[in-house]
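Novice: for reference, the sequence and a predicted model appear below.
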Amino acid sequence: MRCCGGQDCRKVDKIDFLPDGDMIMHVGYMEVLVPRSFLKERSEDADAHVCVSIATGTYRPICVFLPGTS
């Protein structure tokens, strides 16, 4: 609700951390590249979540929520 009104937010299945500090969030069939410098917010539960835009034809993060991150 804090980011996209609960409309485009999805629970992350798996996160791959890349050597340059970026990460790839796997959400079902989607792979969302999250740059290292992207602002990450604290998740309200023990799971990671990402709100995704597909307006440009690629999956881009709108906001990212990680457990234990502020």
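Specialist: Good, I have the coordinates. Model, not experiment: these values are computed from the prediction. Numbering: from 1, shown residues only.

Novice: quick one, longest strand in the chain?
Specialist: strand 60-66 (DSSP state E).

Novice: sticking with the residue nearest the centre of the chain, tell me its helix or strand.
Specialist: Centroid-nearest residue in the chain, with C-alpha atoms, centre = their mean: residue 50, separated by 2.9 Å. Assessed by DSSP states H and E, residue 50 sits inside strand 49-53.

Novice: could you give the bridge partners of the closest residue in space to residue 47 that isn't next to it in sequence?
Specialist: The shortest distance from residue 47 to any non-neighbouring residue, by C-beta to C-beta, 6 or more residues apart in numbering, is to residue 11 (5.4 Å). All C-beta atoms are positioned from the backbone trio N, CA, C, and that covers glycine. Counting by DSSP bridges, residue 11 is bridged to residue 49.

Novice: pretty sure residue 11 sits against residue 51.
Specialist: No: look at residue 11 against residue 51 with C-beta atoms under 8 Å: they stay out of range, at 11.2 Å.

Novice: the closest residue to residue 4 other than its chain neighbours: neighbour count?
Specialist: Leaving aside its chain neighbours, residue 4 sits nearest to residue 51 (4.1 Å; criterion: C-beta to C-beta, 6+ apart). Taking other C-beta atoms under 10 Å as the criterion, the count of residues near residue 51 is 20.

Novice: and for residue 26?
Specialist: Count around residue 26 with other C-beta under 10 Å applied: 14.

Novice: what packs against the helix or strand encompassing it?
Specialist: Assigned by DSSP H and E, residue 26 falls within strand 23-27. The contact analysis (3 or more C-beta pairs under 8 Å, 6 or more residues apart in numbering; DSSP states H and E) places strand 23-27 against strand 14-17, strand 30-34, strand 49-53.
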